[in-house]
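1. With the input below, show me the fold.
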Amino acid sequence: MPDLSVQLYTVRDSLAADFDAGLARLAEMGFRQVEPFQLQQFGEQLREGLPKHQLTAPTAHAGVVGQDQEALFSLAAELGVGTVIEPRVDPARWQSADGIASVAEDLNEAAALAAEHGVRVGYHNHSQELESRIDGRHGLEVLADKLAPEVVLEVDTYWAYAGGADVPALLRRLGDRVVALHVKDGDGSLDPKRQVAVGSGTVPVWDILEAAPDALRVVELDGTEGDVWEAVRAGREFLLAGRS
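-> Numbers count the residues shown, from 1 in each chain. Purely as a prediction, here's the structure:
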């Protein structure tokens, strides 16, 4: 089974209260990999916390476009982050082919600098990249066609689903470009509070995972009306149990 990680944004409130205790709790739950967010903001805590709790961060979210990329990629290399993922760009840029082409250009330029540090650049979608249609194709697919070969994708499967995509078919079309998945569940609406533990919503989780069998699986909830730690625990157990 592909490796299992967890996006730290899921437990951001706990991390804000006590970053070290939050990492410890994830490690005690059985996670060995995490996906940080706002990488530069939490660099110092990660330098200390990752080795302390025997955690690694193969991927991380950070603003790449328009940021101090030299410092960002240097930090990523230091922390052992292999792929720095742009979590979002202005939704207005997804409304035209030219806008999408400009996003690709920004990512391609960043990837050239990242490579000097031994790091890759990736892109993570929300719903707008799937709601956008250019000549009948999802905006995310239009982007993929314009990316340099070394730029990868982390497909947020919930937001792709909420954006109207047939997610298994989308993943098969994107192919090896997809190196990671945000695995989450809910009612398929755009309300993040309607997200629930993986396996207890309406998203066809196993069909999605089988369409990208080698991608890193990253558990995430943007929000939930229940206990977020319980949702993380239940989602992890569901994924580890496999399809019945």
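2. gap between the nearest residue to Y9 once chain neighbours are set aside and L170?
-> Nearest non-adjacent residue to Y9, counting by CB to CB, 6 or more residues apart in numbering: F37, 4.4 Å away. C-beta here means a position set from N, CA and C on the backbone, and glycine is covered the same way. Distance, F37 to L170, by CB to CB, to the nearest Å: 24 Å.
3. Between those two, which is the more surrounded one?
-> L170 (23 against 19; other CB atoms under 10 Å).
4. In the host helix or strand of the more buried one, which residues are buried?
-> Using DSSP states H and E, L170 falls within helix 167-174. Buried residues in helix 167-174, counted by 16 or more other CB atoms under 10 Å: 167-168, 170-171, 173-174.
5. Stretch 106-117 now?
-> For stretch 106-117, a neighbour-count test (16+ other CB under 10 Å) marks 106-108, 110-111, 114, 117 as buried.
6. Next: stretch 45-65.
-> Buried residues in stretch 45-65, counting neighbours by 16+ other CB under 10 Å, are found at 46, 49-50, 53, 55-65.
7. Which helix or strand contains L181?
-> Using DSSP H and E, L181 maps to strand 178-183.
8. just checking, what packs against that strand?
-> Secondary-structure packing of strand 178-183 (3 or more CB pairs under 8 Å, 6 or more residues apart in numbering; DSSP states H and E): strand 83-86, strand 120-124, strand 152-156, helix 157-162, helix 205-211, strand 216-219.
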